[in-house]
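K.L.:
I need the structure of the sequence given here:
(2 chains)
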Amino acid sequence: MYKILLLERIKIIKEGNLQERDLFIQEYIPFILKTISNILNKYIETENSEEFIIGMEAFNESIDKYDDSRGSFICFSSVVIKNKIIDYIRKEKSNNKIMYIDEYDDSQCGSNYQNEINKFNENLSMQMELMDLKNKLWEFKITLDDLVKDSPKHEDTRNNAIRVARFIQENTNIKEKLYLDRKLPYTHIISEYNSSRKFLDRNKKFIVATVLILDSNLETLKSYIYDAERRASFDI
Amino acid sequence: MIYKGSIVDIKTNYAIVMTDKAEFYKVKKKDGVLLGNKIIFLEDDLYKEMNIKVTKIIGYAAAIMLLLVSSLFLIQFMTFNKISYIPVAKLSVDINPSVELEINKDYKVINIVSKNSEGDFIADKHMIGTEIQEALYTMLIKAKSKNYITKEKNAVLIGICKINDVFPDDLGNFESDLNNRLNSNNELDYVNIILLQGDNQKLELSKQYDLTIGKYLLYLKVNSEGSDLKLEEVKKMTTQELVIYSTQNRNRFHGNESEDHEVDEIVIPDNNLINQNENQNQNQNQYKNENQNQYQYQYQNSDALSENSTEVECENNQQTVNEQENDNKTVDPRQLNAPEVNKSPLNNNMMQKFKNIFENNISIPAQEQNENKDRETPQKESKGERGKFK
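P.N.:
Numbers count the residues shown, from 1 in each chain, chains lettered A, B, ... in the order given. Presented below is the predicted three-dimensional model:
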């Protein structure tokens, strides 16, 4: 049943239905990601991931080239993606020539390398920030493993916890008390935010970690929390 | 489902990611994982805690397997090195000290019990674990050094009873091995080993009657050969006495009809005694007036004792011999060795008398012994011809 549907859809796409093609590719993004990351044995980065784009292109191509006689579509397209990716890696290798310092010329390729340098610096500062966060968490006797284990799984509770964290972060009095006592000031939060003690007790680690992230310079992590907040407020 | 997130921490087996929904996840470690990298990952990439448990279980299983295997090896090793403690046969050794030994299927001694106070002198707990032949040999050496075995008292009574069917029947090897060992030692080559074999039932009975296996078996043997020796009497007798009695008894009932080779097998000291006793009979019957010393020299013509019909002739012969002996105390070797065939069995009257004498006159006077020894031992103590009791 599914196979017939798939074949029919491919047939429709081949006839020139662009909307259907977009939908189809969208549906198969996890598959593309999986094949690419399996080939490379590394995670695909969200920013400027050449491999992902090449994978998408290869998948798009495989739709056009697919024929009933060539076995299942999944197998066929994964082979196509694999070949394309390997081609790309080879090309990259040949382009990555060693550059001698004598040949280095600021004026010629400065901007290109400046980008790289900036990226590296960014990465380094982020790493430093992360280490800092880790140390701060440790002062509260929290490890990142604890966060994986104890952070609220349900989205609503998580959003509630984030709200509490936001409240603490905005309320300097409570925040200072938190840093001083190295534990959540339950009484203040309960009296001022009207939250149950049970809820705080269960999610204290996550709340503390969120407060620390919001108080740090970790823009990406902060943005994730903002995203979550926004999603919650707009009920997406 | 696609997750987007930033790597927050990297551990040895996994990385921790904070997603754009403010969730924290553990993901599998892949190439090029860097702190702060923004990655896309799928549900497949999530690091499963189960993995740890599975590896732990595998680890435990491996450990248990290793333990089992090693313990198996250990058990094998132990059983290989250590002797098994299942007794297969029980042995008794009677010289005058009586010792009982238990052996396992490898002929190793696993238990030693001395049956009388003298047994303690020859039995040694250190013998446990040694081979039975070795143990017996050392016991005999000890007995000799403590003068339990002398040239006169040279009978060693060994009784074997099987406890288990595993014990092989061929005692022939066992006996010959022991004999070879004794022959190799010049000091012990006159030891006369009497080997008797019984079964489990007899072992139980011997326990019941409070006798050593060897003595009990010999008692049975003696009684089967026609004597009516009583258990109480056996208990009172020393080993040497019992052996002597048995050979005498055998001589009475079987020796008379037997062929030459059986005469050869008669134990040396027993010969002495038999003849002495027989001579005593004669003395009582016929030569009451004769000097006591004289009968010692009459035994050579043992046919004379048993043949009632030719008594007169014998008398003459013996007298002449006696006269010769009195002159110079040597014996014609031919006379000693001559296998005289007894033609007629003793009559009941004789038997009764013999018994009386035996009971009264068990030990040989020291003087006589010495005299006998001088003459007798060099002739019959050739190595191969040591008497066997069958």
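
K.L.:
B:Gln240 contacts B:Asn96, doesn't it?
P.N.:
Yes: here B:Gln240 reaches B:Asn96: they are 6.7 Å apart, a contact under Cβ atoms under 8 Å. Placement of C-beta: from N, CA and C, glycine included.

K.L.:
Look up the residues that both of these two are in contact with.
P.N.:
Shared contacts of B:Gln240 and B:Asn96, defined by Cβ atoms under 8 Å, 6 or more residues apart in numbering or on different chains, are found at B:Lys153.

K.L.:
buried set for stretch A:122-133?
P.N.:
For stretch A:122-133, a neighbour-count test (16 or more other Cβ atoms under 10 Å in any protein chain shown) marks A:Met126, A:Glu129, A:Leu130, A:Leu133 as buried.

K.L.:
out of B:Gln240 and B:Asn96, which sits in the more crowded spot?
P.N.:
Neighbours per residue (other Cβ atoms under 10 Å in any protein chain shown) separate B:Gln240 from B:Asn96, with B:Gln240 holding more: 25 against 17.

K.L.:
Could you confirm the more buried one falls within a helix?
P.N.:
Yes: with DSSP: H, G, I helix; E, B strand; the rest coil as the criterion, B:Gln240 is part of a helix.

K.L.:
Leaving out chain neighbours, which residue sits closest to it?
P.N.:
B:Lys153 (4.8 Å; Cβ to Cβ, 6 or more residues apart in numbering or on different chains).

K.L.:
May I have the phi/psi pair for that neighbour?
P.N.:
With angles defined as degrees, to the nearest 10, B:Lys153 sits at phi -100, psi 70.

K.L.:
Verify the stated contact: it with B:Asp94.
P.N.:
No: using Cβ under 8 Å, B:Lys153 is not in contact with B:Asp94, being 11.4 Å away.

K.L.:
quick one: the strands in chain B?
P.N.:
B:2-10, B:14-19, B:24-28, B:38-42, B:89-94, B:98-103, B:109-114, B:155-162, B:192-198 (DSSP state E).

K.L.:
any chance of those strands in TSV, plus mean neighbour count, distance to A:Lys153 and mean pLDDT?
P.N.:
Below are these laid out as TSV (neighbours: other Cβ atoms under 10 Å in any protein chain shown; distance: least, Cβ to Cβ, whole Å; pLDDT from 0 to 100):
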stretch	mean neighbour count	distance to A:Lys153	mean pLDDT
strand B:2-10	20	14	88
strand B:14-19	23	12	89
strand B:24-28	20	10	90
strand B:38-42	21	18	88
strand B:89-94	26	76	84
strand B:98-103	24	73	85
strand B:109-114	18	69	85
strand B:155-162	25	77	83
strand B:192-198	21	83	80
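
K.L.:
so which of those gets nearest A:Thr157?
P.N.:
Closest approach to A:Thr157 among the strands of chain B (Cβ to Cβ): strand B:24-28, 13.9 Å.

K.L.:
That closest one and chain A, are they touching?
P.N.:
Yes: using Cβ under 8 Å from any Cβ of the partner chain, strand B:24-28 reaches chain A at B:Phe24, B:Tyr25, B:Lys26, B:Val27.

K.L.:
Surely the third one is in contact with B:Tyr47?
P.N.:
Right, B:Lys26. Yes: judged on Cβ under 8 Å, B:Lys26 makes contact with B:Tyr47 at a distance of 3.8 Å.

K.L.:
list residues touching both of the two?
P.N.:
B:Tyr14, B:Ala15.

K.L.:
residue contacts, the spatially most central residue of chain A?
P.N.:
Ranked by distance to the mean C-alpha position of chain A (Cα atoms, centre = their mean), the top residue is A:Thr46 at 6.4 Å. A:Thr46 sits next to B:Lys4, B:Lys38, B:Ile39, B:Ile40 when contact means Cβ under 8 Å, 6+ apart.

K.L.:
Let me know the helix or strand that A:Phe206 is in.
P.N.:
Element membership of A:Phe206, judged by DSSP states H and E, is helix A:204-214.

K.L.:
Let me see the contact set for residue 20.
P.N.:
In the absence of a named chain, chain A is used. A:Arg9, A:Ile12, A:Ile13.

K.L.:
meant chain B, my bad for not saying
P.N.:
Counting by Cβ under 8 Å, 6+ apart, B:Asp20 has contacts A:Ser223, A:Tyr224, A:Asp227, A:Ala228, B:Lys4, B:Gly5.

K.L.:
quick one: secondary structure of the third one?
P.N.:
Spelled out, that is A:Asp227. helix.

K.L.:
and it, how many residues sit next to it?
P.N.:
A:Asp227: 16 neighbours (other Cβ under 10 Å).

K.L.:
ok, so what distance separates it from A:Thr172?
P.N.:
25 Å (Cβ to Cβ, to the nearest Å).

K.L.:
now do the second one
P.N.:
If you measure A:Tyr224 against A:Thr172 using Cβ to Cβ, the figure is 24 Å.

K.L.:
between the two, who's got more neighbours?
P.N.:
A:Tyr224 (22 against 9).

K.L.:
mind putting the contacts of A:Glu20 in CSV, secondary structure included?
P.N.:
Listed next are those as CSV, based on three-state DSSP:
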residue, secondary structure
A:Arg9, helix
A:Ile12, helix
A:Ile13, helix
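
K.L.:
Kindly indicate which of the residues you listed lies nearest chain B.
P.N.:
Within the contacts of A:Glu20, distances to chain B taken as Cβ to the nearest Cβ reach their minimum at A:Arg9, with 20.9 Å.

K.L.:
How about the contacts made by the closest one?
P.N.:
A:Arg9 touches A:Glu20, A:Phe24, counting by Cβ under 8 Å, 6+ apart.

K.L.:
what does the model give it for pLDDT?
P.N.:
At A:Arg9, the model reports a pLDDT of 84.

K.L.:
cool, A:Ser94 as well?
P.N.:
80.

K.L.:
And B:Asp228, by the same measure?
P.N.:
pLDDT, read off for B:Asp228, is 75.
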